[in-house]
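A.B. asks: dropping a prediction and its sequence here:
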Amino acid sequence: MFRINLKIAWRNLIKDRQFTLLNVLGLSAGIACALLIFLWVNDELSYDKLFANDNRLYKLFEQRINSAGDVAYSEESSGRLSDAVKISTPEVEYAAAVAPPGWFPQNTLSANNKNIKANGQYAEKDYFNIFSFPLLDGDRNKVLENNNSIVLSDELAMKLFGTVNNIIGRPVDFNHDTTFFVSGVFKKMPANSSQQFDFVLSFDYFRMIKPWVTDWYSIGPLNYVLLKPGADVNAFKRNVAGVIRKNREDTSTNVFPMKFSEVYLHNNYNGNVQNGGRIEYVKLFSLLAVFILVIACINFMNLSTAKAARRFKEVGIKKVVGAGRRQLIFQFLTESFLLTALAMLLSIVIALLLLPAFNQITGKGISLHFTWQMMAAIIGITVITGFTTGSYPALYVSKFNPLSVLKGKLHTSAAELLSRKGLVVFQFTLSTVLIVAVFII
């Protein structure tokens, strides 16, 4: 039965090519927009959620309260904060201060007569215990133990040495004035991580050349901690709050730890209560994707209903020869699913063609990979869209009395007219809201 319905559906679509093209193009445009937004939302939600100890990893902020009672947060603090927190807070397993890559221009690293421009940072020895970078070579407990150590990314190691194997102990000339020795090689993080750099040097070495970072009253470095397994987070927050006050005699500043993976999306706070951030954009664009898909579905339903009205005699004859309402509904749903599947295939092609421009607009490096999660999402959207768009036309056409249809005495109730007009009004209302919103933005 399914094969017969599929044949009938295909013949009907081929027979009315103009309707098929119009419906497929309209639906595929909506699905392509929703698919691009889904990729962006998925990338945002996955940002900085790559590390193994995500639930125990925190970034330390300074919470400053001015005389008017206003609260401000800063990720920059003293380079001594991490050591002080590790000593005074029993819940902390590892802590590390970092001088981030943004502080420095591109450095020149030389080896084997090759000069490579690269970005790097300085980090304390616990850094690779806090962040679970895959180490291709080296011991994460020792890679930053010595002041003359340098840890390279796999990409930089390939550029300098042509390999990532057996390069431990090899010398690297740094800016033509200092020599460091390779102590480890790590796999560089993908684009959806804030930890982007080509090499890491010892923070202890940075203290030697920039002694100001050892001053409690000089701020700038970033500080990270990893809690012990099973540690009481609330106790940790209470214990860490007063570390700056004790060491800097600053009664207006507290230490405020934020879960590292939530900093990117949930970085707005009102007092100690999370109050928005980039997550608001994620929610907004998710809603936008739903609205676009709803508009495309309503457009599909209206066109399908209009076309179905020309097939009343076909439906009447089928009912006269014994076709039940369930069979007719199944036939129209098959047509709807076939159209939706064609629209989905076209939307994937459109999305692939638009991805380079979309990445340029959003500043992302998103790519469309057909993983099982992506395939599940595509199949889910196809099934839901196909059922949603096909259900109303199927129910609408299959309910009429065959004798009235064949005699041409078909009457449409006021409720049916209102429902169809209501869909059109709702569709245009959503479209108008989105257009106005775009102009305002």
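C.D. replies: Noted; the coordinates are in hand.
A.B. asks: need the nearest residue in space to Leu303, chain neighbours excluded.
C.D. replies: Asn23 (5.3 Å; C-beta to C-beta, 6 or more residues apart in numbering). Heads up, the C-betas are built off the backbone N, CA and C, glycines and all.
A.B. asks: quick check: that neighbour vs Phe337, distance?
C.D. replies: Taking C-beta to C-beta, to the nearest Å as the measure, Asn23 falls 13 Å from Phe337.
A.B. asks: the residue nearest to Leu303 and Ser304 touch, don't they?
C.D. replies: Yes - between Asn23 and Ser304 there is a contact at 7.0 Å, judged by C-beta atoms under 8 Å.
A.B. asks: name the SS class of the residue nearest to Leu303, please.
C.D. replies: helix (DSSP: H, G, I helix; E, B strand; the rest coil).
A.B. asks: next one: phi and psi at Met189?
C.D. replies: Backbone torsions of Met189, given as degrees, to the nearest 10, read phi -70, psi 150.
A.B. asks: leaving out chain neighbours, which residue sits closest to it?
C.D. replies: Gln195 (5.3 Å).
A.B. asks: pretty sure the one you found sits in a helix.
C.D. replies: No - counting by three-state DSSP, Gln195 falls outside a helix, being coil.
A.B. asks: part of a strand, is Phe61?
C.D. replies: Yes - under three-state DSSP, Phe61 sits within a strand.
A.B. asks: need the contact list for it.
C.D. replies: Shown in contact with Phe61 (C-beta atoms under 8 Å, 6 or more residues apart in numbering): Tyr73, Ser74, Glu75, Ser77, Val255, Phe256, Pro257, Met258.
A.B. asks: and the residues you listed as a markdown table, adding pLDDT and distance to Ile14?
C.D. replies: Listed next are these as a markdown table, based on pLDDT from 0 to 100; distance: C-beta to C-beta, whole Å:
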| residue | pLDDT | distance to Ile14 |
| --- | --- | --- |
| Tyr73 | 86 | 62 |
| Ser74 | 89 | 65 |
| Glu75 | 91 | 61 |
| Ser77 | 91 | 68 |
| Val255 | 90 | 69 |
| Phe256 | 91 | 65 |
| Pro257 | 93 | 63 |
| Met258 | 92 | 58 |
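A.B. asks: ok, of those residues, which come out buried?
C.D. replies: For the contacts of Phe61, a burial check counting by 16 or more other C-beta atoms under 10 Å picks out Glu75, Ser77, Val255, Phe256, Pro257, Met258.
A.B. asks: next, the second one: phi, psi?
C.D. replies: Torsion angles at Ser77 (phi, psi; degrees, to the nearest 10) stand at phi -150, psi -170.
A.B. asks: how near is it to Asn42?
C.D. replies: Distance of Ser77 to Asn42, computed by C-beta to C-beta: 33 Å.
A.B. asks: try Glu62
C.D. replies: Counting by C-beta to C-beta, the gap from Glu62 to Asn42 is 32 Å.
A.B. asks: more neighbours, these two?
C.D. replies: Set side by side, Glu62 and Asn42 show more neighbours around Glu62, with 21 against 15, by other C-beta atoms under 10 Å.
A.B. asks: the helix or strand hosting Ile361 - contacts with which helices or strands?
C.D. replies: Assessed by DSSP states H and E, Ile361 sits inside helix 325-362. Counting by 3 or more C-beta pairs under 8 Å, 6 or more residues apart in numbering; DSSP states H and E, the packing neighbours recorded for helix 325-362 are helix 2-15, helix 17-45, helix 279-308, helix 312-320, helix 372-398.
A.B. asks: how distant is the third one from the center of its chain?
C.D. replies: Relative to the chain's own centre, helix 279-308 is displaced by 21 Å; criterion: C-alpha atoms, centre = their mean, to the nearest Å.
A.B. asks: and the residue nearest to Gly242 when sequence neighbours are not counted, what are its bridge partners?
C.D. replies: Leaving out its chain neighbours, the residue that sits closest to Gly242 by C-beta to C-beta, 6+ apart is Asn254, at 7.0 Å. Beta-bridge partners for Asn254, by DSSP bridges, are Gln63.
A.B. asks: could you list the low-pLDDT ranges of the protein?
C.D. replies: 1-13, 16, 67, 269-275, 306-325, 328, 392-420, 441 (pLDDT under 70).
A.B. asks: from the buried ones among the contacts of Phe61, which two are the most distant?
C.D. replies: The span of these, defined through C-beta to C-beta, is set by Ser77 and Met258 at 12.7 Å.
A.B. asks: starting at the chain centroid, how far to stretch 434-441?
C.D. replies: Worked out by C-alpha atoms, centre = their mean, stretch 434-441 lies 24 Å from the chain centre.
A.B. asks: ok, residues contacting it?
C.D. replies: Leu288, Phe291, Ile292.
A.B. asks: how many neighbours does the last one have?
C.D. replies: Spelled out, it's Ile292. 20.
A.B. asks: and the closest residue in space to it that isn't next to it in sequence, how far from Val433?
C.D. replies: Once flanking residues are discounted, Ile292 sits nearest to Cys33: 4.8 Å by C-beta to C-beta, 6+ apart. From Cys33 across to Val433, the span is 15 Å (C-beta to C-beta).
A.B. asks: out of those two, which sits in the busier spot?
C.D. replies: Set Cys33 next to Val433 and count neighbours by other C-beta under 10 Å: Cys33 wins out with 21 against 11.
A.B. asks: what separation do you get for that one and Ile65?
C.D. replies: 44 Å.
A.B. asks: just Tyr73 next, same as before
C.D. replies: 11 Å.
A.B. asks: same check, this time on Val424
C.D. replies: On the measure of C-beta to C-beta, Val424 and Ile65 end up 55 Å apart.
A.B. asks: could you do Gln196 as well?
C.D. replies: On the measure of C-beta to C-beta, Gln196 and Ile65 end up 32 Å apart.
A.B. asks: residues contacting Asp198?
C.D. replies: Neighbouring residues of Asp198 by C-beta under 8 Å, 6+ apart: Ala118, Asn119, Gly120, Leu152, Ser153, Glu155, Leu156, Lys188.
A.B. asks: what residues are bridge-paired with the nearest residue to it once chain neighbours are set aside?
C.D. replies: Closest residue to Asp198 apart from its sequence neighbours, by C-beta to C-beta, 6+ apart: Ala118 at 3.8 Å. For Ala118, the beta-bridge partners are Asn107 (DSSP bridges).
A.B. asks: wait, Ala118 sits on Val200?
C.D. replies: No - checked against C-beta under 8 Å, the pair Ala118 and Val200 is beyond contact range at 11.1 Å.
A.B. asks: the more surrounded of the two?
C.D. replies: Neighbours per residue, other C-beta under 10 Å: of Ala118 and Val200, the larger number sits with Val200, 26 against 19.
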